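Asker: Structure for the following, please:
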Amino acid sequence: MTRSEFQQNIFRSAEHLGKAGYYMLSCNQEAANNLFDYALKLIKIIEPESVISKDRLEAVINEIINFKDKAGNENDSFSISHQQ
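Answerer: Numbers count the residues shown, from 1 in each chain. Purely as a prediction, here's the structure:
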């Protein structure tokens, strides 16, 4: 597996975790929040030298953060810097 394939697999996993968290919001907010955190951590792993475009990374990060906001989390304990 190439580095590019590895990063794409991690990125897809993060997307799926974010979506799973969204669907879990209605029945278990704590579990949903954990899924969001795991998704963001996966993205953080590949973000510095990613083959995924910055725009796509930021779109997924923003989507997950919006899901977290829907869960009622005003204090986001996980911050991601978007510096170029």
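Asker: What are the buried residues along whichever strand or helix holds Q8?
Answerer: Here Q8 sits within helix 3-24, counting by DSSP states H and E. For helix 3-24, a neighbour-count test (16 or more other Cβ atoms under 10 Å) marks 7-8, 10-11, 14-15, 17-19, 21-22, 24 as buried. Heads up, the C-betas are built off the backbone N, CA and C, glycines and all.
Asker: closest to N62 among those?
Answerer: Nearest to N62, judged by Cβ to Cβ, of the buried residues of helix 3-24 is G18 at 10.5 Å.
Asker: I43 versus S50, what's the distance?
Answerer: Note on S50: its distance to I43, by Cβ to Cβ, to the nearest Å, is 9 Å.
Asker: oh, I was asking about L35
Answerer: Distance, L35 to I43, using Cβ to Cβ: 13 Å.
Asker: average model confidence for the helix holding Q8?
Answerer: Regarding helix 3-24, the rounded mean pLDDT is 89.
Asker: what are the ranges of the helices in the protein?
Answerer: Taking DSSP state H to define them, one finds helices in the chain at 3-24, 29-46, 54-70.
Asker: OK, contacts around R3?
Answerer: V51 (Cβ atoms under 8 Å, 6 or more residues apart in numbering).
Asker: Give the closest residue to the residue with the largest distance to the centre of the chain in space, chain neighbours not counted.
Answerer: Within the chain, the residue lying farthest from the chain centre (Cα atoms, centre = their mean) is M1, at 22.6 Å. With Cβ to Cβ, 6 or more residues apart in numbering as the criterion, M1 has its nearest non-adjacent residue at 7.8 Å, and that residue is N9.
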